[in-house]
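Enquirer: my questions concern the predicted model and sequence given below.
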Amino acid sequence: MNRRLALLLLTALTLQTAARAQETPAAEEPAAKAIPVPAGYTSMLDTTYVQVGDWQGKMDIYLPPKTNGPSPAVIKIHGGGWTHGSRISPGGAYFHHGFALINVEYRFTQVAPAPAAIEDSRCALKYVIDHAAEWNIDPNKIILQGASAGGHLVLMTGLLGNDRRFDGNCPGSQNMKVAAIVDDYGPTDFTQPSWSVISKNKSAVLWLGTHANDEAFKASVSPVTYVNKQSSPVIIFHGDMDHTVPVEQSNVLEQKLKDAGVKTDLIMVKGAGHGKFTHDQTAMEEQTIQDFLKSIGMMH
């Protein structure tokens, strides 16, 4: 084989490989896998809640039996630096209290950078509200929970309330205020000096993309921007040794909420890093969440 022919074959092989790589969807979540549920619960996996171009946003829905009227619900949005992660999340104590559980996926940075994940999370909330009657869910008893990037997304989704600026893919006039938000160490203010620490996190920089140095844009995707006196109650957990999302991020949010007169609790988990809670710390968190939700009439 002469040199020119070899070069042509190598070029063709390279182009074919590149084409196959482009045909492979970027950053797809794993297929839905059912989680254990109590007797009487109904599972609805891989439900499409929004379509943006060729991308379909999926959620998994777990509904309690219809026994005592409409049920409360928790929408969980997973973490993973806006770049990876799985919507597969257990119901835990929520199942014992008769909650519906909705696990949500969203577009990763590799598919679409900020604010795409916020847009998707808002559409997921709207989809649940739209189907509340069909699913026997009380639309006034929906809470949001997420950790890390998921914490940021539930804060944005809930604190936006009826502000529709990110709802272009799912417009509507529904009341989008949630009953409560459970935030685990989520970024809250990308304009704060502590952002210089967050910016060392490649995932956050990639998610902000070309807007990484745009102060107005960073404020627009920061949960603290949307705190007001009508905001939903928020409970926050943060490890005091977290070097991924600085504790100042939760401190700033707590102060904003308090200044607005919004019910909030910030629990600093001693010795914990970014999500590295011990078994006892996790049990403490679950009990504290239950106590918080009982205090606002969401649990009995």
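Expert: Yes, it's here. Residues are numbered from 1 along each chain as shown.
Enquirer: thought Glu248 was touching Ser194?
Expert: Yes - counting by C-beta atoms under 8 Å, Glu248 does reach Ser194; the two are 4.2 Å apart. Quick note: C-beta positions are derived from backbone N, CA and C, even for glycine.
Enquirer: going along the chain, name the strands of the chain.
Expert: Ranges of strands in the chain, per DSSP state E, are 42-52, 55-63, 71-77, 100-104, 137-147, 180-184, 234-239, 264-269.
Enquirer: CSV please, covering these and showing distance to Arg122.
Expert: Shown next, in CSV, are those (distance: least, C-beta to C-beta, whole Å):
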stretch, distance to Arg122
strand 42-52, 9
strand 55-63, 11
strand 71-77, 11
strand 100-104, 11
strand 137-147, 11
strand 180-184, 14
strand 234-239, 17
strand 264-269, 22
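Enquirer: quick one: closest of those strands to Tyr94.
Expert: Closest to Tyr94 of the strands of the chain is strand 71-77 (C-beta to C-beta; 5.1 Å).
Enquirer: how far does that closest one sit from the chain's center?
Expert: With C-alpha atoms, centre = their mean, to the nearest Å as the basis, strand 71-77 stands 12 Å off its chain's centre.
Enquirer: grab the nearest non-local neighbour of Pro72.
Expert: Distances taken as C-beta to C-beta, 6 or more residues apart in numbering put Lys141 closest to Pro72, at 3.8 Å, once the chain neighbours are dropped.
Enquirer: tell me which residues touch that neighbour, please.
Expert: By C-beta atoms under 8 Å, 6 or more residues apart in numbering, the contact set of Lys141 is Pro70, Ser71, Pro72, Ala73, Ala179, Met298.
Enquirer: from Thr109, how far off is it?
Expert: Lys141 sits at a distance of 33 Å from Thr109 (criterion: C-beta to C-beta, to the nearest Å).
Enquirer: for Met156, give me its contacts.
Expert: Ile118, Ser121, Arg122, Phe166, Val221, Pro223, Tyr226.
Enquirer: per-residue confidence for it?
Expert: On pLDDT, Met156 comes in at 98.
Enquirer: distance of it relative to His96?
Expert: 29 Å.
Enquirer: could you give the number of residues near Tyr185?
Expert: Neighbour count for Tyr185, taken as other C-beta atoms under 10 Å: 28.
Enquirer: tell me the contacts of the closest residue to it other than its chain neighbours?
Expert: Leaving aside its chain neighbours, Tyr185 sits nearest to His238 (4.6 Å; criterion: C-beta to C-beta, 6+ apart). Residues near His238 by C-beta under 8 Å, 6+ apart: Asp184, Tyr185, Val245, Val247, Gln249, Ser250, Leu266, Ile267, Met268, Val269.
Enquirer: number of nearby residues for the third one?
Expert: The reference is to Val245. 26.
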